[in-house]
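**Student:** Build me a structure from this.
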Amino acid sequence: MFTLSSGMVDRIARRPGGLLGYLLYRFPFGHKTGFDLAFSRLPPARGDLVLEVGCGGGVFLRRLLKCGCRAIAVDHSPEMIANSGRLNAKALAAGRLCLHEADAAALPVSTGTVDKVYCLNAFFFFPRPAESLAEMARVLKPGGRLALITSPPAFRRQIARFSASMAASMRFDEPEALAGWAEASGLVPIETREVAGAGYLFIAGRETAA
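**Tutor:** Next comes the predicted model:
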């Protein structure tokens, strides 16, 4: 078993920073399958306002912006926010992108303003999962959709083989737990799909107002 210190887990995963954090999130090869699935199941439309919670180095954000949407991106790592800004500098300069260093459980986004929310491979580090999901639900417009990728309990042993410290720092939520938090926040679960080697994709939506 490989052992990482809690400080190293922070630097490469929970609050990435430094050269290693930059490289891992500028070239997130392990996340590609999930990124592809989330994008295919919930593609942004031109003119949408989208939100990415836990944007990391901005790679998936760049893919979203290429569709012509506007975007808000949030991360609690100042270095990841800076990296996202550099990677998406043209959209930032054009006013199509706003970046915020913030907590997922207190999003600096107005209620009912966002068409689509994406939270990919970050939710398992959020210390207040129900509150964070409620915040994502709060900002969605009627008819808006949320796409979230996280890891189930079956992944705990796999992660622990790589690093016991990493596994101890994560949560491993059943899809039923996400569905419960989503429903409590006024969302309707739509689908859950396996992401090969990376967990599962959960999609929920806010119903269109009558």
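**Student:** Next, count neighbours for A93.
**Tutor:** Using other Cβ atoms under 10 Å, A93 is surrounded by 10 other residues. For the C-beta atoms, the positions are set from N, CA and C on the backbone; glycine is no exception.
**Student:** wait, I meant T111
**Tutor:** Number of residues near T111 (other Cβ under 10 Å) recorded here: 12.
**Student:** List the contacts of it.
**Tutor:** If a contact means Cβ atoms under 8 Å, 6 or more residues apart in numbering, then T111 has R138, V139 as its contacts.
**Student:** Quick check: phi and psi at it.
**Tutor:** Dihedral angles of T111 (phi, psi; degrees, to the nearest 10) stand at phi -60, psi 130.
**Student:** what's the distance between it and R41?
**Tutor:** Using Cβ to Cβ, to the nearest Å, T111 is found at 25 Å from R41.
**Student:** and what of S163?
**Tutor:** Relative to R41, and taking Cβ to Cβ, S163 is found at 30 Å.
**Student:** of these two, who's got more company?
**Tutor:** The neighbour count for S163 versus R41, taken as other Cβ under 10 Å, is higher for S163 (19 against 14).
**Student:** pLDDT value on the more buried one, please?
**Tutor:** pLDDT recorded at S163 is 73.
**Student:** What separation do you get for it and M170?
**Tutor:** Applying Cβ to Cβ, the value for S163 to M170 is 10 Å.
**Student:** ditto for L49
**Tutor:** From L49 to M170 the distance is 30 Å (Cβ to Cβ).
**Student:** my read is F202 is in a strand, agree?
**Tutor:** Yes. When DSSP: H, G, I helix; E, B strand; the rest coil is applied, F202 is found to be in a strand.
**Student:** Verify the stated contact: L201 with G34.
**Tutor:** Yes. Between L201 and G34 a contact is recorded at 6.7 Å, counting by Cβ atoms under 8 Å.
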